[in-house]
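Student: coords below, sequence missing:
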């Protein structure tokens, strides 16, 4: 398993750089504000359609949640994008047993109330125009490996240009008041209800 690495100088630089490139490349970045139980960690589930997705959530965490940021990525991204490991990225090295070890590690991260773990349940990049979001089974392994004292947050991001040269990004957030019993199907259904609602809200924006 590839683990996050600590380097305060690199972390602080990229914290500044992510804020800089979002402001430079977007005309606006809007997101909802949530009030959460601070004594619980955050499992944040997000759609995955662009290079920007992890950076958007990193920025939101710095501004809103103020937790220790972690993100589950694949081995290719962990190795190709060298600085990700210093921003909290972790990944399985191989398939099979190492994937299970990585998901269990994520569950242990969720036992610490100071942590936020970002997961893209689709597992890879898809279009921003999907009608629904698929879920890989590993999400439930992660939850079941934890003590389940978690704030589950749904995130759906959409981008539009309207009349501007630079796009506007909107991230719609929802705190899911999860049931005592959580199944993959229940989680997927609840997320997609939020995703559908967010897509409708996005179509109602006019400029």
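Tutor: Done, it's in. Here the structure is a predicted model, which is why all the values come from computation and not from measurement.
Student: ok, which stretches of the chain are strands?
Tutor: In the chain, the segments counted as strands under DSSP state E are 28-31, 41-46, 68-72, 89-90, 115-119, 150-160, 168-176.
Student: which one of those lies closest to residue 54?
Tutor: Of all these, strand 68-72 sits nearest to residue 54, with 5.4 Å by C-beta to C-beta. No exception for glycine: its C-beta is placed from N, CA and C like everyone else's.
Student: Which neighbouring elements make contact with the closest one?
Tutor: helix 53-60, strand 89-90, helix 97-109, strand 115-119 (3 or more C-beta pairs under 8 Å, 6 or more residues apart in numbering; DSSP states H and E).
Student: go with 7 Å
Tutor: Based on contacts counted as 3 or more C-beta pairs under 7 Å, 6 or more residues apart in numbering; DSSP states H and E, the elements that strand 68-72 packs against are strand 89-90, strand 115-119.
Student: Contacts made by the lengthiest helix in the chain with the rest, please.
Tutor: Ordering each helix of the chain by length in residues (DSSP state H) puts helix 184-203 first. When contacts are defined by C-beta atoms under 7 Å, 6 or more residues apart in numbering, helix 184-203 is touched by residues 45, 47, 132-133, 135, 137, 139-140, 154, 156, 158, 170, 172, 174, 176, 179.
Student: Go again with 8 Å.
Tutor: Outside of helix 184-203, the residues that reach it under the criterion C-beta atoms under 8 Å, 6 or more residues apart in numbering are 45, 47, 121, 132-135, 137, 139-140, 152, 154, 156, 158, 160, 170, 172, 174, 176, 178-179.
Student: From the residues you listed, list the buried ones, please.
Tutor: Among the contacts of helix 184-203, those classed as buried by 16 or more other C-beta atoms under 10 Å are 45, 47, 121, 133, 135, 139-140, 152, 154, 156, 158, 170, 172, 174, 176, 178.
Student: Check the residues you listed for the minimum pLDDT and say which it is.
Tutor: Note: of the buried ones among the contacts of helix 184-203, the lowest pLDDT belongs to residue 178, at 74.
Student: my read: that residue touches residue 152, true?
Tutor: Yes: taking contacts as C-beta atoms under 8 Å, residue 178 lies within contact range of residue 152: 5.1 Å.
Student: Tell me which residues of the longest helix of the chain come out buried.
Tutor: Along helix 184-203, the positions that meet the burial threshold by neighbour count (16+ other C-beta under 10 Å) are 184, 187, 188, 190, 191, 192, 194, 195, 198, 199, 202.
Student: What of stretch 40-52?
Tutor: Neighbour-count burial for stretch 40-52, counted by 16+ other C-beta under 10 Å, picks out 41, 42, 43, 44, 45, 46, 47, 48, 49, 52.
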